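**Student:** From the sequence below, what's the structure:
(chains A and B)
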Amino acid sequence: MPGKLKSPKELEALHKKLAKGLETDKARVSVCNGTACRPYGSNPVVEAFKAAIDKKGLADKVEFKVTGCHGFCERGPIAIVEPGNIFYQKIKPEDVPEILDKTVLNKQVISRLLFKEPITKAEITAQADLPFYKNQRRIILGNNVRIDPTNIEDYISIGGYSALAKALFDYQPTQIIDIVKQSGLRGRGGGGFTTGVKWESCRNAHGDIKYVIVNADEGDPGAYANEGLLTGNPHSVLEGLIIGAFAIGSHQGYIYVRNEYPLALKNITNAMEQARKLGLLGKNILGSGFDFDVRVNRGGGAFICGESTALMASLEGKVGEPRAKYTHTVEKGLWDRPSDLNNVETWANIPLIINNGADWFKKIGTPTNTGTKIFSLTGKVNNTGLVEVPMGIQLRDIIFNIGGGIREGKKFKAVQTGGPSGGCLPESMLDMPVDFDALTKVGSMMGSGGMIVMDENNCMVDIAKYYLSFLEEESCGKCVPCREGIKRMRQILNDITSGAGKESDLPLLEEVGHCLRDSALCQLGGSAPNPVLTTMQYFREEYIEHIKLKKCRAGVCKDLITFSITEEKCPDCGMCVKACPAEAITAVGKRKPVVLDQAKCIKCRTCYEVCKLGAVKIE
Amino acid sequence: MKCVNWGLLRLSELVTLSINGNKYTAEKGQYILQVARAHGIKIPSLCNLDAVEPYGACRLCIVEITRENRKRIVTSCLFPVEEGLIVETDSPRVIGNRKMLLDLLLARCSENKVIRQLADEYGIEKSSFEKEYWTKENCIVCGLCARVCEQVVGVSAISLVNRGITKGPASPYLESAKACIGCGSCFYACPTGAIKMEDKEGYRYIYNWRIKYKLQKCTICGIEWAPEKQLEYIRKKWNLPKGFFDVCPNCR
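**Tutor:** Predicted structure coming up:
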């Protein structure tokens, strides 16, 4: 690795040298080794590639790259072979020699490993042609497939840190703030506050010592967009942070990463070390005279520490409890000093804005919601994964074009955005544009980018109860409405789902919900009733069915359903008999329908799931 | 935020605000609750005490403010006053929320006298929540005991532990609080009588923190007037001579 870079010229020279290395005729294989691909077995695939390249002596014919998350997690482990942009999915170690022999050496496509369109069964070869990728705009995540996140040279080879050089030498700090303001970038952590304005307030706040902080405490169930970015392209976040620090006038930064993200921790720590060695972090960055360094702090597993004031309390070594934000953190934040906290994704946008200009950024998205947003698309869609879309795209596009529609051809019921305190939106709202303002208007929120799709087999009352249970656990317990209110709402929902609901429960739920919105100390409490209030607003009939008819139409609430065997449909295959953990189903003789003992049945749904003939009925 | 009043030289700015339609002058940086109380305007609160920093846990002191034509609910114990601020302490929205907060507290502290009395003031007969879920807690987790112990006494013998619904004040590891000096500040600060303290047979007991400390006997009148540990703490802190506290304040 080269020594410290002392000027932007030296950085440019290094970039040119490394970029030249990319212009070879070598074939390139990049394998995703992100957090989602690993449990699917990407590690053995990586090892198999390394061993096979070694064995076949292909080291000078193929460049092999282990990268961060590619996004299409549903199909992992995945690899892209260049030239040709060939996308292989669900790769096993035994496929590796064939990929090298056929595709890399002889440019043949292995159709078995290609993605097949679920409905038409058509094979798609190029990654860029996949509906999952085609409909996205991957300005931030796109580089994940091109670089090895553990190697700073990869990042520099694609133009990394050039924005930093530009910021330090071509602009005054206030000019950078102006550019960020003009770009219209809004905080990606959920609030949607204009980033440039926040920076400006922090710059203008009274005090010599200021801090910049990366919020990487992404705790929403099902969300992992920040993880994908921090593990896949840690330098982009770091570069954004240094630029921000220069603009604000800060010399010390903090990255608060949740401890449940070991790979992100490892990669960002490694990235910092490499940046320090190259003189991109530390004293006199690139010879500019600007000093800035960063520390990584690990979270302790509390959801609330994603809230800015609680995060800062935690950084100070105190209990992670929020405080009232009547005095903003940009004036009095960490150790009572002006502090600017932004989400991982917000920071990663900065180098792009500096390099391409505010006007370029503004062209993406809508006038009031510029740029792109990364969502963790999960739940009952065919293509789960990390998707990056321009702001203002319709929910329908994300779920049906990118997500490939609902699994097993079932019917869409709701989509939940914004994590546990977001709202559940019904089908009638699918044509709504996805932006900060529109989502807030209908009772949901952007949050940090969770998007969970639900189908007809999800009970909306049960979903609301699930989120409340999560928040009940994760509430810090400081203020009365959040601590007591969430618990009481959860108890009411428990009653409703167990058949003990009363009609007076609904207005009471609304009353508690509105009290939380108005009077809770922080946004966790203030937004906690969202799942309840939105499901009550858009799926009220389900609540009424639970209360009046003691029925759960989705067949989820155990106390309201019974399982039975439809005798005409049961051929006595014995699948359910074997699968039943409570031994409630018995075979009574050859070709006679099985018998289900209601007294023993624990309503676990196993028989329903295993029966291929639809002989198990839920009522 | 504290204002400095240095003889005739006043280093703080004055602002004019309106509370319930009346105009008041206050020092910038004062909190709404302070200003309101100074003028005899009643705002209920449980977790606020002049001796410690405001905390904002009970939320009963919420008020409705109007700023730039937008109405908003804020916590008066934490919101600093500013020029032109319009405050309503008993608007329908405030009352509605306050009632729900009391309703929630009543379900938690179903037999507590202080909460009962506050609920009566707001016309709440009984909690709206299912009776079978009511609990008989006395503690509302306002944290005053721990905050007083830290900010006033300076020993931090107790703290709030756990989170969410299980949060509450406790001694370290739920064992006898070793750093406790037995001063009883927590007992006096507690707004709901959740701390059980007793002086009997020559000892002070604070049952919540599992402590039992010997009381000092006045060598003149024989009254047991304070825990020995507390007096020793004060003696050392102020560098007082040995035997300084042998006599009680009344006999001195």
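**Student:** Give me the spatial nearest neighbour of residue A:435, chain neighbours excluded.
**Tutor:** Closest residue to residue A:435 apart from its sequence neighbours, by CB to CB, 6 or more residues apart in numbering or on different chains: residue A:369 at 3.7 Å. Every C-beta, even on glycine, is put in place using the N, C-alpha and C of the backbone.
**Student:** and what of residue B:143?
**Tutor:** Residue B:143's closest residue in space is residue B:160 (CB to CB, 6+ apart), at 5.4 Å.
**Student:** Residue A:493 now?
**Tutor:** residue A:465 (4.1 Å).
**Student:** Now do stretch A:536-556, average pLDDT.
**Tutor:** Looking at stretch A:536-556 alone, the average pLDDT works out to 94.
**Student:** in the top helix by length along chain B, what's buried?
**Tutor:** Criterion DSSP state H: the longest helix present in chain B is helix B:92-108. For helix B:92-108, a neighbour-count test (16 or more other CB atoms under 10 Å in any protein chain shown) marks B:93-94, B:97-108 as buried.
**Student:** Ok, stretch A:162-169 next?
**Tutor:** For stretch A:162-169, by 16+ other CB under 10 Å, it's A:162, A:163, A:164, A:165, A:166, A:167, A:168.
**Student:** now the helices for the stretch 101-250 of chain B?
**Tutor:** Applying DSSP state H, counting those that start in this stretch to the stretch 101-250 of chain B gives helices spanning B:113-121, B:144-148, B:185-189, B:228-237.
**Student:** and those helices, which is most packed in?
**Tutor:** Mean neighbour count (mean count of other CB atoms under 10 Å in any protein chain shown) peaks for helix B:144-148 among the helices of the stretch 101-250 of chain B, with a mean of 24.
**Student:** which residues are contacting it?
**Tutor:** Helix B:144-148 has contacts (CB atoms under 8 Å, 6 or more residues apart in numbering or on different chains) with B:47, B:49, B:51-53, B:55, B:156, B:158-160, B:169, B:185-187, B:189-191, B:195, B:208.
**Student:** which ones among those residues are found in strands?
**Tutor:** Within the contacts of helix B:144-148, residues falling in strands by DSSP state E are B:159, B:160, B:169.
**Student:** picking up where we left off before, please pick the buried ones from the contacts of helix B:144-148.
**Tutor:** Buried, going by 16+ other CB under 10 Å: B:47, B:49, B:52, B:55, B:158-160, B:169, B:185-187, B:189-191, B:195, B:208, out of these.
**Student:** what about residue 35, neighbour count?
**Tutor:** Because you didn't say which chain, this covers chain A. The tally of other residues near residue A:35 (other CB atoms under 10 Å in any protein chain shown) stands at 21.
**Student:** um, chain B though
**Tutor:** If we define neighbours as other CB under 10 Å, then residue B:35 has 22 of them.
**Student:** Name all residues that make contact with it.
**Tutor:** B:17, B:19, B:24, B:26, B:81.
**Student:** Relative to residue A:205, which of the buried ones among the contacts of helix B:144-148 is nearest.
**Tutor:** Closest approach to residue A:205 among those (CB to CB): residue B:55, at 24.2 Å.
**Student:** I'd like the distance between that closest one and residue A:376.
**Tutor:** 35 Å (CB to CB, to the nearest Å).
**Student:** again, but for residue A:3
**Tutor:** Taking CB to CB, one finds residue A:3 at 40 Å from residue A:376.
**Student:** Which of these two has more residues huddled nearby?
**Tutor:** In this view residue A:3 and residue A:376 are compared by other CB under 10 Å, and residue A:376 has more residues nearby, 28 against 9.
**Student:** is the more buried one in a bridge, and if so with what?
**Tutor:** residue A:386, residue A:450 (DSSP bridges).
**Student:** returning to that earlier point: just put the helices of the stretch 101-250 of chain B in CSV and tack on distance to residue A:523.
**Tutor:** CSV is the format used below for those (distance: least, CB to CB, whole Å):
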stretch, distance to residue A:523
helix B:113-121, 27
helix B:144-148, 24
helix B:185-189, 29
helix B:228-237, 41
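**Student:** how about a markdown table for the ones you listed, with mean pLDDT added?
**Tutor:** Below are those laid out as a markdown table (pLDDT from 0 to 100):
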| stretch | mean pLDDT |
| --- | --- |
| helix B:113-121 | 97 |
| helix B:144-148 | 97 |
| helix B:185-189 | 97 |
| helix B:228-237 | 96 |
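**Student:** I'd like to know which of the ones you listed is closest to residue A:557.
**Tutor:** helix B:113-121 (33.8 Å).
**Student:** How about the closest one and chain A, any contact?
**Tutor:** No - Helix B:113-121 lies apart from chain A when judged by CB under 8 Å from any CB of the partner chain; the minimum separation is 11.0 Å.
**Student:** That helix - contacts with which helices or strands?
**Tutor:** When contacts are defined as 3 or more CB pairs under 8 Å, 6 or more residues apart in numbering or on different chains; DSSP states H and E, helix B:113-121 packs onto helix B:92-108.
**Student:** So what touches the helix it packs on?
**Tutor:** Contact with helix B:92-108 is made by A:480-481, A:484-485, A:488, A:511-512, A:514-515, A:518-519, B:44, B:58-60, B:62-64, B:71, B:73, B:88, B:115-116, B:118-119, B:122-124, B:126-129, B:133-135, B:137, B:140, as judged by CB under 8 Å, 6+ apart.
**Student:** Which helix or strand contains residue B:66?
**Tutor:** Counting by DSSP states H and E, the element that carries residue B:66 is strand B:62-67.
**Student:** Show me what counts as buried in the following helix or strand past that strand.
**Tutor:** Once the chain leaves strand B:62-67, the next helix or strand it forms, by DSSP H and E, is strand B:70-75. Residues of strand B:70-75 classed as buried: B:73, B:74, B:75 (neighbour count, 16+ other CB under 10 Å).
**Student:** Please parse the chain into its domains.
**Tutor:** Unless you meant another one, I'm taking chain A. Here the domain assignment for chain A is A:8-136, A:152-362, A:372-455, A:460-549, A:562-618, based on automatic domain parsing.
**Student:** Let me rephrase: I mean chain B.
**Tutor:** For chain B, the structural domains run B:16-90, B:94-133, B:144-237, going by automatic domain parsing.
**Student:** circling back to that earlier point, which one of the buried residues of helix B:92-108 sits closest to residue A:18?
**Tutor:** Distances from residue A:18 to these, taken by CB to CB, are shortest for residue B:97, at 60.0 Å.
**Student:** pLDDT value on the closest one, please?
**Tutor:** For residue B:97, the model assigns a pLDDT of 97.
**Student:** What mean pLDDT does stretch A:305-317 get?
**Tutor:** When pLDDT is averaged along stretch A:305-317, the result is 94.
**Student:** cool, and stretch A:523-532?
**Tutor:** Across stretch A:523-532, pLDDT averages out at 93.
**Student:** contacts for that stretch?
**Tutor:** A:190-191, A:303-304, A:307, A:322, A:416, A:418, A:420-424, A:443-445, A:463-464, A:467-468, A:471, A:474-476, A:479, A:481-482, A:485-486, A:489, A:493, A:509, A:512-514, A:516-517, A:520.
**Student:** are any of those buried, and which?
**Tutor:** Buried among the contacts of stretch A:523-532 (16+ other CB under 10 Å): A:190, A:303-304, A:307, A:322, A:416, A:418, A:420-424, A:443-445, A:463-464, A:467-468, A:471, A:474-476, A:479, A:481-482, A:485-486, A:489, A:493, A:509, A:512-514, A:516-517, A:520.
**Student:** low-confidence ranges in the chain?
**Tutor:** This is for chain A. A:1 (pLDDT under 70).
**Student:** wrong one, chain B
**Tutor:** The model of chain B has pLDDT under 70 over residues B:1-11.
**Student:** No further questions, thank you.
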